[in-house]
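1. What follows is a protein structure lacking sequence information:
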């Protein structure tokens, strides 16, 4: 009997240590990170090199340092995928899940389609800013391809991927063709999808096989000269804009024409697609008036600009996120984004196709 | 000029204090709280009087103390609705928003329909467990009816509703007819709707005008004898069960027949509707096997029981939450719940109608 317990204790000890020891860890940078608007020298987890510009705006710099829109693609024959990751601790928005803000979102390729595989969970209250988690385990044998989205609302410090110690793992190029820069407000940034792979940019990328690069700056997408300068210089095949949610009517009036003309001049022959983005779900009569005037003005101006410039497009879908499609009157949930993509995707795809972006 | 600044300072001071002073505060208990399974003497914010039972299970007691499913209904001619509320501080799940866990969710009646009006925001990191927030302001004149949902994932200490100091406010009876007890897992409890009014029980109530009372116990709905005892004694018109997500196959095998027979005997002539609830979105072969065997067994047993007892119903919709309808492989998002309600609501309504519950 005593021998039996000794054996049992030994077996337990082996099993427990096995979960840690029988793993091989690879740094995300070795596998290759995709989805940058412009890679920064400062950190492989910054989505945008903000340094050439004088911002005088802490929020923009903080958003530039976030890993929003970044993703890894790799193949492995491991039976499990784990991850160790660390982010800057602090602030958590109440209109999004912890998973979308600081967690990971994994997809597997099945019959040519990216299917949900697992999430990397995070602890929020009490907060834990570094953790090791299993995203999926006990998978069937064979080599599989994975797509892993980094979270949308934090500054990232490090990411390592863990697989079975005897497994192979290899980084792959992005499966998405071309490069469409999507510049916009918190809606583009991803608020309030439940996971990073359910933002509208990520959905469009997986649905169409085209790389829609997330260049959303929550609350700060106002056609500022710095953004215009960057966008005129950046390498890409097309632009998609959610440009009317953040600026007020005065800013739209003052900046829109110059913004569009600057881009048309810098990127001749490339499509510039503008979406009508502010959403009118409010009982606040003053807010309604403010939003309405903004929508009216941008609609009027965009109709003129899209007549004047053949590569400038203006898309509008009434009540696009539908009943109960927003969490807080402004930000789409997964339901809102699902309807948003259902409505806009065919229109966007049709325009891009005319330019060979398909 | 100096006089002008003195006047300006005075005006600012008046304006600032006005926002606090020009309000009238009414305690939620004075307006009347609805949605209890069984009201507790211990707190008006406990949804269930758990005390007659010996639970030996801290999670169940903690869930019983939550304000999940509770709501207020009131009419007012105020131009704004504010709230001060306090909850037990601590723990926040990463698969839900802060708003659904600790915030408020307000609806207004428009043309006989409940429409989103505003949310009560919460601070999560850093945490704040007591706060005063404006849910909606600058509304058009006139008397309006409101429905306010309390959050689904916290113990509540107090709630006061603030309106214009010269406004009237009056509690109203529940607008929902009958009483259908919905007993189930975290899915019934509400994980992971984005706001309290978007759980499937709340959606069914507003859509059908019937009171679907939330008796979800995340992780703990296992047909325990205490739950059976309570349900046999409780006053209601019908039952809806999401009973197969939490128990394992052995528990289902041992408890299901007794559970159904106990309820049939205690509530003759009342419909008992069972939904097939575990969701098979996993690459984990062991988990898949475990879930499959549970689904197979409960399906087989429910088909027999629904043949044997005329008031026992079994409903099943394959892949009910659809592609990307779950946040974490288990819990529906607003998109998943939307599809869940679209699929199940007509079937549930049809059964209830046969019993005059409509």
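-> Here it is on my side, so go on. Remember, it's a predicted structure, so these values are computed and weren't measured experimentally. Residues are numbered from 1 along each chain as shown, chains lettered A, B, ... in the order given.
2. Near chain B, which residues of the stretch 1-150 of chain A? Just list them.
-> Selection of the stretch 1-150 of chain A residues close to chain B by CB under 8 Å from any CB of the partner chain yields A:90-99, A:102-103, A:108, A:115-119, A:121-125, A:127, A:136-140. For the C-beta atoms, the positions are set from N, CA and C on the backbone; glycine is no exception.
3. Spatially central, which residue of chain A would that be?
-> Nearest to the mean C-alpha position of chain A, by CA atoms, centre = their mean, lies residue A:69 at 3.2 Å.
4. Quick check, that residue in contact with residue A:201.
-> Yes: counting by CB atoms under 8 Å, residue A:69 does reach residue A:201; the two are 6.4 Å apart.
5. and the longest helix for chain A?
-> helix A:285-308 (DSSP state H).
6. what does the stretch 251-358 of chain A have sitting close to chain B?
-> A:281, A:283-287, A:323-329, A:333-336, A:338.
7. Narrow those residues to those that are buried.
-> When those are checked for burial by 16 or more other CB atoms under 10 Å in any protein chain shown, the buried set is A:281, A:283-284, A:287, A:324-329, A:333-336, A:338.
8. rewinding a little: which neighbours do residue A:69 and residue A:201 have in common?
-> Jointly contacting residue A:69 and residue A:201 under the rule CB atoms under 8 Å, 6 or more residues apart in numbering or on different chains are A:213, A:214, A:216.
9. Of these - the most surrounded one?
-> Among the shared contacts of residue A:69 and residue A:201, residue A:214 has the most neighbours (other CB atoms under 10 Å in any protein chain shown), with 29 neighbours.
10. so where's the stretch 1-150 of chain A shaky on pLDDT?
-> A:1-21 (pLDDT under 70).
11. In it, what residue spans correspond to strands?
-> A:23-27, A:33-34, A:71-76, A:81-87, A:104-110, A:113-120, A:130-136, A:144-149 (DSSP state E, counting those that start in this stretch).
12. repeat for the stretch 251-358 of chain A
-> Using DSSP E, counting those that start in this stretch, strands in the stretch 251-358 of chain A cover A:272-275, A:312-315.
13. Deepest-packed of those strands, please.
-> strand A:272-275 (a mean of 24; mean count of other CB atoms under 10 Å in any protein chain shown).
14. what's next to it, contact-wise?
-> A:184, A:238-244, A:260, A:263-264, A:302, A:306, A:309, A:311-316, A:344, A:348, A:351.
15. The closest residue to chain B within the stretch 101-250 of chain A: how many residues sit nearby?
-> Residue nearest to chain B within the stretch 101-250 of chain A (CB to the nearest CB): residue A:125, separated by 3.9 Å. Residue A:125 is flanked by 20 other residues according to other CB under 10 Å.
16. In TSV: the strands of the stretch 251-358 of chain A, plus distance to residue A:163 and mean pLDDT.
-> Formatted as TSV, the strands of the stretch 251-358 of chain A follow (distance: least, CB to CB, whole Å; pLDDT from 0 to 100):
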stretch	distance to residue A:163	mean pLDDT
strand A:272-275	40	98
strand A:312-315	42	98
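17. partners of whichever helix or strand residue A:183 is part of in the sheet?
-> Taking DSSP states H and E as the definition, residue A:183 sits inside strand A:177-184. Strand A:177-184 pairs in its sheet with strand A:210-216 (parallel), strand A:238-242 (parallel), by DSSP bridges.
18. Which among these is found nearest to residue A:148?
-> Closest to residue A:148 of those is strand A:210-216 (CB to CB; 15.1 Å).
19. which residues are contacting the closest one?
-> With CB under 8 Å, 6+ apart as the criterion, strand A:210-216 contacts A:34-37, A:47-48, A:68-69, A:152, A:174, A:176-190, A:199, A:201-202, A:204-205, A:236, A:240, A:242, A:352, A:357-358.
20. Quick one: buried ones out of those?
-> Counted by 16+ other CB under 10 Å, those give A:34-37, A:47-48, A:68-69, A:152, A:174, A:176, A:178-190, A:199, A:201-202, A:204-205, A:236, A:240, A:242, A:352, A:357 as buried.
21. just to revisit the earlier point, may I see the PyMOL selection of the buried members of the residues of the stretch 1-150 of chain A next to chain B?
-> To isolate the buried ones among the residues of the stretch 1-150 of chain A next to chain B in PyMOL, judged by 16+ other CB under 10 Å, type:
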select buried, chain A and resi 92+93+94+95+96+97+98+99+102+103+108+116+117+118+119+121+122+123+124+125+127+136+137+139
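22. Secondary structure class of the residue lying closest to residue A:258 once chain neighbours are set aside, three-state.
-> In space, and not counting its chain neighbours, residue A:258 is closest to residue A:228: 7.5 Å by CB to CB, 6 or more residues apart in numbering or on different chains. Secondary structure assignment for residue A:228 (DSSP: H, G, I helix; E, B strand; the rest coil): helix.
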